[in-house]
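# dropping a prediction and its sequence here:
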Amino acid sequence: MMVDLEVKIEANERVNGKYYRLVFRSKPLAKGVLPGQFLNVQINPGSGDPFLRRPFSYYRAAPSGRIEILYEALGKGTSALARKKKGDVLKVMGPLGKPFTGRLEGGRKRVLVAGGVGVPPLIFLAEQFPSAYLLIGAKSKKEVLPKKQLALVKAKVLYSTDDGSYGRKGLVTRLFEDILRREGPGDLFIQTCGPMAMMRAVIEIARREKIPGEASLDKTMACGVGACLGCMVETTDGLVPSCTEGPVFGFERIRL
Amino acid sequence: MMVDLEVKIEANERVNGKYYRLVFRSKPLAKGVLPGQFLNVQINPGSGDPFLRRPFSYYRAAPSGRIEILYEALGKGTSALARKKKGDVLKVMGPLGKPFTGRLEGGRKRVLVAGGVGVPPLIFLAEQFPSAYLLIGAKSKKEVLPKKQLALVKAKVLYSTDDGSYGRKGLVTRLFEDILRREGPGDLFIQTCGPMAMMRAVIEIARREKIPGEASLDKTMACGVGACLGCMVETTDGLVPSCTEGPVFGFERIRL
Amino acid sequence: MKVDLTTKIGHLTFRNPVAVASGTFGTKDEYASFVDIRKLGAVITKTITVKPRAGNPMPRICETSGGMLNAIGLQNKGLEDFLEHKIPYFKKINTPLIVNIAGEDSGDFVTLARALHERQPVVKALELNFSCPNVEAGGAGHMRKTERILEIMRLVRETTDMTLFAKLSPELGDVVEIAKAVTAAGADGLSLINTLKGMAVDIAKRRPKLANITGGLSGPAIKPVALRYVYEVKKACPVPVIAMGGILTAADAIEFLMTGADLVAVGTANFVNPGATLEILEGIEAYCKANKISQISELRGSLNV
Amino acid sequence: MKVDLTTKIGHLTFRNPVAVASGTFGTKDEYASFVDIRKLGAVITKTITVKPRAGNPMPRICETSGGMLNAIGLQNKGLEDFLEHKIPYFKKINTPLIVNIAGEDSGDFVTLARALHERQPVVKALELNFSCPNVEAGGAGHMRKTERILEIMRLVRETTDMTLFAKLSPELGDVVEIAKAVTAAGADGLSLINTLKGMAVDIAKRRPKLANITGGLSGPAIKPVALRYVYEVKKACPVPVIAMGGILTAADAIEFLMTGADLVAVGTANFVNPGATLEILEGIEAYCKANKISQISELRGSLNV
Ligand SMILES: Cc1cc2nc3c(=O)[nH]c(=O)nc-3n(C[C@H](O)[C@H](O)[C@H](O)COP(=O)(O)OP(=O)(O)OC[C@H]3O[C@@H](n4cnc5c(N)ncnc54)[C@H](O)[C@@H]3O)c2cc1C
Ligand SMILES: Cc1cc2nc3c(=O)[nH]c(=O)nc-3n(C[C@H](O)[C@H](O)[C@H](O)COP(=O)(O)OP(=O)(O)OC[C@H]3O[C@@H](n4cnc5c(N)ncnc54)[C@H](O)[C@@H]3O)c2cc1C
Ligand SMILES: Cc1cc2nc3c(=O)[nH]c(=O)nc-3n(C[C@H](O)[C@H](O)[C@H](O)COP(=O)(O)O)c2cc1C
Ligand SMILES: Cc1cc2nc3c(=O)[nH]c(=O)nc-3n(C[C@H](O)[C@H](O)[C@H](O)COP(=O)(O)O)c2cc1C
Ligand code: FES
Ligand code: FES
């Protein structure tokens, strides 16, 4: 059930050159959560700035109520979040949205393709459901997550970096094409989240190779509950709110 | 010289049921400061809420650069200030305004009449310049300042409380009238700061008894430097900005 | 002490003065997890048009200082869907609707009014959205727009005896004059205000932040403007007013009630705080108690000017 | 890389496009401790009237979400004081003035223009404040106001060949139409926008927060509205525009410049950050460098729509 609660920050720390990790505890917000779902966070409750909430994927949610978010400080809201300290209060709505498909039919091999703010939900997915590969695209080595953050991932993790300072040099789609060549498109299932350009490329390849899959789209949101009609996605059955019908959409449903 | 600087909070703590005390360090902001002068504080730098700055009197300013502010959490801005922690940053403009008269001519006896947010500058004054009396009006005992805060005051401190739970029962003007009876109006000099109603009453008595004095007026401010014309005070020589011509005005100059 | 929040507008009675503003509360039960919708004074629906509308291209929203811009473009599923799928829900939960309608011409407005007339009493009143893009597109200059509005108003008035609120935007020109004219043409009350037209630029992309270039500014940023219109209109003609524009807290709502608003509608605030409506309702009640106000009408218009 | 910020408007050259907005920078050296005034592109003065004006009663200002209301009421010491005490200061520091003027009738405007004409070149241009309370009081309805404005514009045009900016408020009605008309009547450029009329209520005192009841809304809250007017006016008639409304940072200024503004004026931001103007100037320069823009005109109007 969706709730909106004040939570107290238990930890908020820099993880590497790119991400911060936020930890808090709330049983109602953690209950029944699946990877791909998200929270809508009021970063400065009681203040009017930033005015709107900011959406973040669950990075982890445990039955104990322990919830983690992995985030990048990109703009006003996430920078304000990065300045928060242990004990500070956030107002958090969730769980929102539809998750990634967990158990796959017909023993398909799961390939996860992640980049930027799309990394956290796919790590969560790879921790919860066995996956063949987790492919992560980054700019350089300093964005690569510490081993500890990937310890529970049930997948082979491969990195690509733009500058070649870690893993394969080039875009993450290169890694994806490597896998394709190695495994053949036959029984793969792709799940992707990251910059739109990356997902577009992944979906194009998948369509060409007739591989099914899902993408979690990153739309600017206000309400998070389907009320404002601000986050619409063009699908085969018309415009639908990404916050309630998504953020995860099957490739076959997305009109790009 | 007026400056506008970022300062780091060294302490911000509750003093009693009414006041908080803020401490930071800045030599340029402390240089040459006299009691009655004030600072204009951006409470959440980098955020647009609260939008305007908030003026606060210097409670103490030492040559070392150590500056203290004593404040009440009344509304949005001061409540946000009360939530600040050690290490947080404020943007502070100062020193602003004209101070209380320090050295008095003709050996006049200084009587300070304070209430509410007018207490801090008068404590500062009584620490810097010997005074006969510091009269403080409060609602009840829980607003009375701990002895430590008054340790350096060079004056006899008398309290009145509305409910009689500490000191004289009633308004602070009663204390003032006690003094008047005891000392006679002849060679007194009054300096007052606090709620407008209190100051009005004090000025009325002083005018009746022909006692000279000064009041520090509490006007809503925006710029603090005489630019917006928002804080005007009606004086014998016309409308003048309280932030530059005041906040301290001689009784003879104020038109009530 | 019990506070009576019952609010009368003409022959209508609302259980309390707190409504939700058009287009900010979903179409049905989007907020049901957060608030008991049955406790609201009224639900003002998203604008309904005769035919479904796809709305504007994305991006449609962006944040601004103390508010947001939206260019949703009246996306809605049309009258038929509304009658079939939305009305029964509100009937079941016994929550009065003020149905917001718009059209490309006066015929549309009349069609909508006629159909909704049949759905009383769950449809309690109509709110005519006179700031919809198509109405605006139709008229060059303010004069012509006002004439069209008055014509629509008169035709809808002939169609139904339901309570009719004309929703005005400052974009229409001199709101006080239009308020008077639209009331003379048959409006029972006014809804003030719709969004202000605004724009924002993404300097990294060198593009407007909205695909539609401009959009409607809402939220606390516009509250002073809204309050001023409620004040000026109430002073000029004492008609019922549904007030909206930046109401986030009970204190905001009380500002509007003191200024004379009959109902207050919570809009953008729902996005920021899904529990806003009921917190506002409780806050109004608490304020009344603290100030020994036993009937909300004692608060209404009590501003000392 | 050196960035050339020189900005031409007609035959005038400004050293950079960053000015201060009327009424927000004091009358002389109030901000001299915080910024080197000589670095500004221009100082737009507080409105000058022929006779001194005491302005409105207190309280005159209050904070709002993302902005503030003011009802200063054009308090100023009058033309004589300005000529005698203010002009010499700016002459000495070699900082160009755009003098903002207003009057109770067209005669006042002409008197002011004639006197200031003699004070070139330190007085570089005039900004005619067409949203002053008295001009507004004079006209009932928008039509009448517009006629008066055009009449004043024509008379001032006959008085001086100085560059004339007409400062408009959205309160005047259809800004695009008025912009066209006022340009036809002799304005060389437009200043967009003046404040929006607004109001705020102190619910504890049950009184308006301003003694004047209503006041002008300024600050980031109105930025989207200002930007939209600059966009619409620039699209409709390619005249020089001084843009203002909520410019707090270099990014804000760049939004306006991309939208086509010739100068940007920093207003309310000065109260919040006394160093705002020069920070904005430096920020614009840094943005140009980062984006390989060597002349500011390459940035101006570069919005892709
Ligand atoms: C369903 C969903 C899940 C998300 N999960 C995560 C997550 O787990 N971790 C995480 O770090 N971020 C996540 N995001 C993105 C996050 O919401 C944005 O980064 C955030 O809203 C930016 O806010 P800001 O105030 O910092 O940036 P703004 O000041 O609003 O914008 C600053 C910059 O960030 C860009 N930006 C703004 N909004 C978005 C957005 N929605 N996506 C990408 N870039 C944006 C702007 O274009 C601009 O360049 C998610 C977004 C969605 C919709
Ligand atoms: C020269 C000067 C020196 C000051 N020195 C001190 C000081 O040393 N310590 C201190 O605690 N305060 C001081 N004040 C008052 C302080 O500035 C206000 O309390 C503060 O601005 C309130 O901000 P807020 O956001 O908390 O309240 P708001 O949300 O703005 O208002 C909340 C409540 O506070 C009241 N209020 C608002 N502004 C003022 C004001 N200027 N004075 C009194 N009440 C106000 C409002 O009427 C309202 O009831 C001083 C004011 C001035 C002008
Ligand atoms: C996302 C969004 C959609 C809106 N849709 C409509 C609409 O369909 N019809 C309408 O009359 N007003 C619409 N409005 C305007 C609101 O009903 C309201 O008049 C305005 O937002 C001011 O109130 P607020 O500041 O509380 O949001 C919409 C506002 C927003 C923010
Ligand atoms: C306190 C104050 C006083 C102002 N005085 C004047 C004035 O005298 N003449 C004028 O034309 N505009 C005046 N303005 C309007 C500003 O010049 C500007 O047009 C408006 O505030 C919008 O810009 P901003 O949001 O950057 O402040 C004043 C604004 C403020 C806040
Ligand atoms: S964010 Fe409002 S509909 Fe999706
Ligand atoms: S606060 Fe601006 S003039 Fe005093």
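Received, thanks. Ligands and ions are numbered 1, 2, ... in the order given.

# helices or strands up against the longest helix along chain C?
For chain C, the longest helix by residue count, based on DSSP state H, is helix C:141-159. Helix C:141-159 sits against helix C:106-117, strand C:123-129, helix C:133-138, strand C:163-168, helix C:175-184, with contacts defined as 3 or more Cβ pairs under 8 Å, 6 or more residues apart in numbering or on different chains; DSSP states H and E. Heads up, the C-betas are built off the backbone N, CA and C, glycines and all.

# comparing the ones you listed, which gets the lowest mean pLDDT score?
For the helices and strands packed on helix C:141-159, mean pLDDT drops lowest on helix C:133-138, to a mean of 48.

# sec struct for residue C:256, please.
Secondary structure, DSSP: H, G, I helix; E, B strand; the rest coil: residue C:256 is helix.

# quick check: the nearest residue to it once chain neighbours are set aside vs ligand 2, distance?
Computed as Cβ to Cβ, 6 or more residues apart in numbering or on different chains, the closest residue to residue C:256 that is not its neighbour in sequence is residue C:243, at 4.1 Å. To ligand 2, residue C:243 is 22 Å away according to Cβ to the nearest ligand atom, to the nearest Å.

# so what's residue C:243 scoring on pLDDT?
Value for residue C:243, per-residue pLDDT: 98.

# okay, now it: neighbour count?
31 (other Cβ atoms under 10 Å in any protein chain shown).

# from residue C:275, how far off is residue C:5?
18 Å (Cβ to Cβ, to the nearest Å).

# again but with residue C:145, I slipped
For residue C:145 relative to residue C:275 (Cβ to Cβ), the value is 38 Å.

# in terms of neighbours, single out the busier of these two.
residue C:145 (22 against 16).

# near ligand 3, which residues of chain A?
Residues of chain A lying close to ligand 3 by Cβ under 6 Å from any ligand atom are residue A:228.

# which parts of chain A are helices?
For chain A, the helices defined by DSSP H occupy A:27-30, A:76-82, A:119-128, A:147-150, A:172-183, A:196-209, A:242-245.

# got TSV for these, with mean neighbour count, mean pLDDT and distance to residue D:253 too?
Formatted as TSV, these follow (neighbours: other Cβ atoms under 10 Å in any protein chain shown; pLDDT from 0 to 100; distance: least, Cβ to Cβ, whole Å):
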stretch	mean neighbour count	mean pLDDT	distance to residue D:253
helix A:27-30	18	98	41
helix A:76-82	19	96	17
helix A:119-128	26	97	35
helix A:147-150	13	93	40
helix A:172-183	18	93	37
helix A:196-209	17	95	29
helix A:242-245	23	98	33
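
# quick one: closest of those to chain D.
Of all the helices of chain A, it is helix A:76-82 that lies closest to chain D, at 10.6 Å by Cβ to the nearest Cβ.

# what's the closest one in contact with?
In this structure, residues lying in contact with helix A:76-82 by Cβ atoms under 8 Å, 6 or more residues apart in numbering or on different chains are A:12, A:14, A:20, A:22, A:41, A:43-44, A:49-50, A:54, A:71-73, B:47.

# swap the cut-off to 7 Å and go again
Applying Cβ atoms under 7 Å, 6 or more residues apart in numbering or on different chains, the external contacts of helix A:76-82 come out as A:20, A:43-44, A:50, A:54, A:71-73.

# then stretch A:156-174?
Contacts of stretch A:156-174 (Cβ under 7 Å, 6+ apart): A:113, A:115, A:132-141, A:144, A:150, A:175, A:198, A:201-202, A:205.

# and the spatially closest residue to residue A:19 that is not a sequence neighbour, bridged to which residues?
Among residues not flanking residue A:19 along the chain, residue A:70 sits closest, at 5.2 Å (Cβ to Cβ, 6+ apart). Note on residue A:70: beta-bridge partners by DSSP bridges are residue A:21.

# contact partners for residue A:70?
Here residue A:70 is in contact with A:15, A:19, A:21, A:59, A:119-120 (Cβ under 7 Å, 6+ apart).

# what distance do you get for it to residue A:27?
Residue A:70 is 21 Å from residue A:27, where distance means Cβ to Cβ.

# again with residue C:96
From residue C:96 to residue A:27 the distance is 36 Å (Cβ to Cβ).

# ok, now residue A:105?
According to Cβ to Cβ, residue A:105 and residue A:27 sit 32 Å apart.

# what's near enough to touch residue A:229?
A:241, C:55, C:72, C:75.

# what does residue A:193 give?
Residue A:193 touches A:114, A:118, A:121-122, A:215-216, counting by Cβ under 7 Å, 6+ apart.

# pick the one among those residues closest to ligand 4.
Using Cβ to the nearest ligand atom, residue A:118 comes nearest to ligand 4 of the contacts of residue A:193, at 38.3 Å.

# roughly how far apart are the closest one and residue A:194?
3 Å.

# of these two, who's got more company?
residue A:118 (25 against 22).

# in contact with the more buried one, which residues?
Each residue near residue A:118 by Cβ under 7 Å, 6+ apart is listed here: A:193-194, A:216.

# for residue C:183, same thing?
By Cβ under 7 Å, 6+ apart, the contact set of residue C:183 is C:237, C:239.

# where's it relative to residue D:295, distance?
According to Cβ to Cβ, residue C:183 and residue D:295 sit 55 Å apart.

# and residue A:82, by the same measure?
Applying Cβ to Cβ, the value for residue A:82 to residue D:295 is 37 Å.

# show the backbone phi and psi for the residue lying closest to residue A:228 once chain neighbours are set aside.
Spatial nearest neighbour of residue A:228, excluding adjacent residues (Cβ to Cβ, 6+ apart): residue A:222 at 4.4 Å. When read as degrees, to the nearest 10, the backbone of residue A:222 gives phi -110, psi -70.

# ok so, going back, mind putting the contacts of helix A:76-82 in TSV, neighbour count included?
As requested, the contacts of helix A:76-82 are exported to TSV (neighbours: other Cβ atoms under 10 Å in any protein chain shown):
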residue	neighbour count
A:20	18
A:43	23
A:44	21
A:50	23
A:54	22
A:71	23
A:72	16
A:73	16
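
# from these, which ones fall inside strands?
Residues from these lying in strands, with DSSP state E as the criterion: A:20, A:54, A:71-72.

# nearest to residue D:24, of the residues you listed?
Within the ones in strands among the contacts of helix A:76-82, the smallest distance to residue D:24 is 32.4 Å, found for residue A:54 (Cβ to Cβ).

# residues in contact with that closest one?
Here residue A:54 is in contact with A:41, A:43, A:77-78 (Cβ under 7 Å, 6+ apart).

# once you drop chain neighbours, what's closest to the closest residue to ligand 2 within the stretch 1-150 of chain C?
Nearest to ligand 2, among the residues of the stretch 1-150 of chain C, is residue C:66, at 15.2 Å (Cβ to the nearest ligand atom). In this structure, residue C:66 finds its nearest non-sequential neighbour in residue D:66, 3.2 Å apart by Cβ to Cβ, 6+ apart.

# go on, residue A:142?
Leaving aside its sequence neighbours, residue A:142 sits nearest to residue A:17 (Cβ to Cβ, 6+ apart; 3.5 Å).

# return the per-residue confidence for that neighbour.
88.

# try residue A:255
For residue A:255, pLDDT reads 89.

# hmm, it is touching residue A:236, no?
Yes - with contact defined as Cβ atoms under 7 Å, residue A:255 counts as touching residue A:236 (6.4 Å).
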